[in-house]
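S.K.: starting from these lines, generate the structure:
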Amino acid sequence: MNRNRVWGMVFVLVSLHLGIASVLAITPWLHTEGNVLKDPAGNTVVLRGIDFVDIGAVELWYGGLNNLIERVTNQNDPQGNSPGWYPKVIRFALYLPDAEDFTDSPFQWTPGDDTFYNTLLRPAVDLCKAKDVYVIIDCHYVANTYDHVPMVNAFWTYMAPRFANDSHVLFELFQEPINDGATDNDRWLSVRTDMQNWYNIVRSYAPNNLILVSGPSYSQIIGPAADYPMTGNNIVMVSHIYPGHWKTSPAGNNWYTASIDKCLTRYPVFMSEWGFGSSERSRFLKGTITDYGQPLQNFRESRKISSSAWVASYDWRPTMFETDWTLQVGEGFMGGFTKDMLYEYRNSDQPGTTDITPPSAPTGLLGSPGGSQTASLNWNDNTDLDLAGYNAYRSTTSGGPYTKVNTSLINVSNYSVTGLTNGTTYYFVVTAVDTHSNESANSSEVSVTPSTSSTTIYNFNGVNQANTSFNAYACKAHVFPFGGNPANRTMMVEATDSDYGMIAVQDVLRWTTFNPYSTYEIFLWVEMKINEIPSTVTKLDLTFNGHSNGKGASIHKIYIMKAGADWTQDASWVQVGTDQSISNTTDATMTRSVTTSAPTYVDSSGKVIWGVYVTRSGVEMNINYLEMGVTR
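M.R.: Presented below is the predicted three-dimensional model:
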């Protein structure tokens, strides 16, 4: 893609001085197997990376090719939301002398001259090898294939033998064919004639390199290749999808994506161009992370489609950088999104030996009686990208030995263990398992003593501000409690560690909210995370003990929030039971119970949000303790 580019004779000297640090290279030969790429060990491989513009222009006008390679492989770059760059492939655009759309390259390959190869291309390819990064040599045309056969013949006759022994080099035969025709099949067959010719040239010199083949209509028509295939091996079809294609109705499920899915019935697909920007003038490039970047990423990952993002530039569109080479980040920019994506998937679907690295051990394990002969376990979700599920283990002795209690992997971060003996204390741990059957170390241990009682009490005992299972907030309100004027939602204050300590022990210390002053009331709300599986909850008992100071008794109300609702909206909250008048001098206990559709107030993580509202204005709320009973 080189539409809407603006050229400037800008000499940007990027001196990164990072050096060429590398451990054992991990860029083995790749081959195709069905519609995926694989390495010699049989691992499925997905390459994710970045496109460069015309590398002659990068060298002479944009600070130097090797400097840009260093820039986008710097693993100590904190810009965006990730600590560094982790591309596995970089695509080099090479413009040939007869390319109609770009004839002013300052430095390019020409037949019969080794200067370009010796001084620019070969050193850059070798640098990428040292960085454990694959390289795509992209014969970059936007044209009819049949108009450039002699030059492309010469190009591949020259390049193929020089990179035939480089396992990390892929060949993209012709970037974006146009090749008009009466039907999609006709257009593909026109392209296939020339692609087969160039494939044969490459294979006569280079028997192992992956070869990327583009379809007509700027690499959007690739479905017909499934019915009218090329002759040869290790062929990967190329797709280019920009926002103007992806967002065609229905977005993400249209003619363009159907063409990719049809192609995948026979070939792997490499999306060697994608990109976006919310400020782009062209509708084909105008998009955001939400409406294009992330959905397209999900689409690729679900199909094991390799990809490289267009483009690492501040000048060519769509851009990743500012003119000083700082990264563009945010909802409408692809720079930070691309960098963060490469970091997120840095260990996923990578070539090498069979994965023997276990996932991290689960954290945050909690346990509680779940009813007669039952223990309920709940833990934090693991973030390992190759997670397959969890195992749960039990013992009647602290520290084990443990016995596995599940017969198949647990695919959520909670589990109910049944068939236990009431009154016996059991000790539990959980582990995580990845897609290669590697199992993590044990989590921390919890103990549970099941009984015939099925009610568990939750309160603030022993919590602190950093414990995400418990949080308390106070907010001044005007009418109940959030609707209308935005000022009604001001002054939300989270309890501090010392405040939590004051309500950690019942009947000893108390927590006092701020004074909202005249015309405003106090709404105190809390988050409590339970261990029970939400669907098993039959009753919630919500208890407030305290009072609100003032000149007289105050009306108190207890509310609960619908799971997943917006806390700033009145409609998200439901009053539980009736009002209660509480003296301004003496603590009282107020308990209200949710008995109808209790699971609808518990979100998937086990979080319940409820609160106490005082209707008298200008008074503080004094909280002695807060607790919630959960009945299964």
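S.K.: ok, the closest residue to residue 131 other than its chain neighbours - contacts?
M.R.: Leaving aside its chain neighbours, residue 131 sits nearest to residue 73 (4.8 Å; criterion: C-beta to C-beta, 6 or more residues apart in numbering). Where you see a C-beta, it was placed from the backbone N, CA and C, and this is true even at glycine. Each residue near residue 73 by C-beta atoms under 8 Å, 6 or more residues apart in numbering is listed here: 85, 87, 131, 133.
S.K.: now residue 320
M.R.: Under the criterion of C-beta under 8 Å, 6+ apart, the contact list for residue 320 reads 50, 309, 311, 312, 313, 314, 327, 328, 333, 334, 335, 338.
S.K.: name the element the third one belongs to?
M.R.: It stands for residue 311. Per DSSP states H and E: residue 311 is located in neither a helix nor a strand.
S.K.: do the same with the first one
M.R.: Residue 50 is part of strand 48-52, with elements assigned from DSSP H and E.
S.K.: ok, back up a step: out of the contacts of residue 73, which comes closest to residue 251?
M.R.: Nearest to residue 251 among these: residue 87, at 27.2 Å, using C-beta to C-beta.
S.K.: you'd agree that closest one is in a strand?
M.R.: No: applying DSSP: H, G, I helix; E, B strand; the rest coil, one finds residue 87 to be coil, outside a strand.
S.K.: when you give positions from now on, start the count at 291
M.R.: Taking 291 as the first residue, the last one we looked at is residue 377.
S.K.: may I have the beta-bridge partners of the nearest residue to it once chain neighbours are set aside?
M.R.: Distances taken as C-beta to C-beta, 6+ apart place residue 339 nearest to residue 377, at 3.9 Å, with adjacent residues excluded. Beta bridges link residue 339 to residue 379, residue 598 when assigned by DSSP bridges.
S.K.: pretty sure residue 339 sits against residue 376.
M.R.: No: Residue 339 is beyond contact range of residue 376, at 9.3 Å (criterion: C-beta atoms under 8 Å).
S.K.: common neighbours of the two, please.
M.R.: Common neighbours of residue 339 and residue 376 (C-beta under 8 Å, 6+ apart) are residue 632.
S.K.: quick revisit: just put the contacts of residue 363 in JSON lines and tack on neighbour count.
M.R.: As requested, the contacts of residue 363 are exported to JSON lines (neighbours: other C-beta atoms under 10 Å):
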{"residue": "375", "neighbour count": "24"}
{"residue": "377", "neighbour count": "26"}
{"residue": "421", "neighbour count": "23"}
{"residue": "423", "neighbour count": "25"}
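S.K.: what's the closest of those residues to residue 737?
M.R.: Using C-beta to C-beta, these come closest to residue 737 at residue 375, 45.4 Å.
S.K.: quick check: that closest one touching residue 359?
M.R.: No: here residue 375 lies out of contact with residue 359, judged by C-beta under 8 Å, at a distance of 10.3 Å.
S.K.: what comes up buried for stretch 589-598?
M.R.: Within stretch 589-598, the residues scored as buried using 16 or more other C-beta atoms under 10 Å are 589, 590, 591, 593, 594, 595, 596, 597, 598.
S.K.: from the chain's centre, how far out does that stretch sit?
M.R.: Its chain's C-alpha centre and that of stretch 589-598 lie 13 Å apart, by C-alpha atoms, centre = their mean, to the nearest Å.
S.K.: end to end, how far does that stretch reach?
M.R.: One end of stretch 589-598 sits 14 Å from the other (C-alpha to C-alpha, to the nearest Å).
S.K.: now the helices for the protein?
M.R.: Assigned by DSSP state H, the helices in the chain fall at 345-351, 355-361, 405-406, 412-420, 439-452, 474-495, 506-509, 533-536, 545-553, 584-592, 624-634, 787-792.
S.K.: contacts for the shortest one next, please.
M.R.: Where contact means C-beta under 8 Å, 6+ apart, the residues beyond helix 405-406 that reach it are 346, 397, 398, 399, 400.
S.K.: distance of the first one relative to residue 418?
M.R.: Right, the one you point to is residue 346. Using C-beta to C-beta, to the nearest Å, residue 346 is found at 17 Å from residue 418.
S.K.: any weak-confidence spans in the stretch 791-922 of the chain?
M.R.: For the stretch 791-922 of the chain, the stretches with pLDDT under 70 are 791-809.
S.K.: please repeat the previous calculation with a cut-off of 90.
M.R.: Counting by pLDDT under 90, the ranges of the stretch 791-922 of the chain that qualify are 791-831, 833-842, 854-863, 874-879, 885-889, 893-922.
S.K.: just the strands in it please.
M.R.: For the stretch 791-922 of the chain, the strands defined by DSSP state E, counting those that start in this stretch cover 801-802, 811-819, 829-838, 844-851, 863-865, 870-872, 878-884, 897-904, 911-921.
S.K.: give me the contact list for the fourth one.
M.R.: Under the criterion C-beta under 8 Å, 6+ apart, residues 770, 815, 830, 832, 834, 837-838, 857, 862-867, 869-872, 874, 880, 882, 884, 891, 898-906, 909 lie in contact with strand 844-851.
S.K.: so in that sheet, which strands flank that strand, and in what orientation?
M.R.: strand 863-865 (antiparallel), strand 870-872 (antiparallel), strand 897-904 (antiparallel).
S.K.: which other residues reach the longest one?
M.R.: What that stands for is strand 897-904. 767, 770-771, 811-820, 830, 832, 834, 838, 844-851, 853, 857, 863, 866, 880, 891-892, 911, 918.
S.K.: sorry, back to before: ok, which of the strands of the stretch 791-922 of the chain comes nearest residue 728?
M.R.: Checking the strands of the stretch 791-922 of the chain against residue 728 by C-beta to C-beta gives strand 811-819 as the closest, at 28.9 Å.
S.K.: the closest one vs strand 911-921, what angle?
M.R.: Computed with axes from the mean of the first three to the mean of the last three C-alpha atoms, to 10 degrees, the direction of strand 811-819 lies at 30 degrees from that of strand 911-921.
S.K.: using CSV, list the CA coordinates for stretch 410-423.
M.R.: Extracted C-alpha coordinates of stretch 410-423, given in CSV (Å, rounded to 0.1, in the frame of the first residue of the first chain):
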residue,chain,number,x,y,z
LEU,A,410,22.2,-2.6,1.4
LEU,A,411,20.1,-5.7,1.0
ARG,A,412,22.5,-8.5,2.1
PRO,A,413,23.7,-6.6,5.2
ALA,A,414,20.1,-5.9,6.3
VAL,A,415,19.0,-9.5,5.7
ASP,A,416,21.9,-10.7,7.8
LEU,A,417,21.1,-8.2,10.6
CYS,A,418,17.6,-9.6,10.7
LYS,A,419,19.0,-13.1,11.0
ALA,A,420,21.1,-11.9,14.0
LYS,A,421,17.8,-10.6,15.5
ASP,A,422,16.0,-13.9,15.0
VAL,A,423,13.7,-12.2,12.5
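S.K.: quick one on the thing from earlier: with neighbour count and distance to residue 327 added, can I get the contacts of residue 610 in CSV?
M.R.: Output for the contacts of residue 610, formatted as CSV (neighbours: other C-beta atoms under 10 Å; distance: C-beta to C-beta, whole Å):
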residue, neighbour count, distance to residue 327
340, 26, 18
599, 27, 18
601, 25, 23
602, 27, 23
603, 20, 27
604, 19, 31
617, 19, 29
618, 21, 30
623, 24, 29
624, 28, 24
625, 24, 26
628, 29, 20
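S.K.: bridged to residue 429, which residues?
M.R.: Going by DSSP bridges, residue 429 forms beta bridges with residue 384.
S.K.: what is the burial count for the residue nearest to residue 377?
M.R.: Neighbour count for residue 339, taken as other C-beta atoms under 10 Å: 26.
S.K.: any idea how far it is from residue 381?
M.R.: To residue 381, residue 339 is 7 Å away according to C-beta to C-beta.
S.K.: for the residue nearest to residue 868 when sequence neighbours are not counted, what are its contacts?
M.R.: Using C-beta to C-beta, 6+ apart and skipping the chain neighbours, the partner closest in space to residue 868 is residue 882 (7.9 Å). Residues in contact with residue 882 (C-beta under 8 Å, 6+ apart) are 831, 832, 848, 866, 867, 868.
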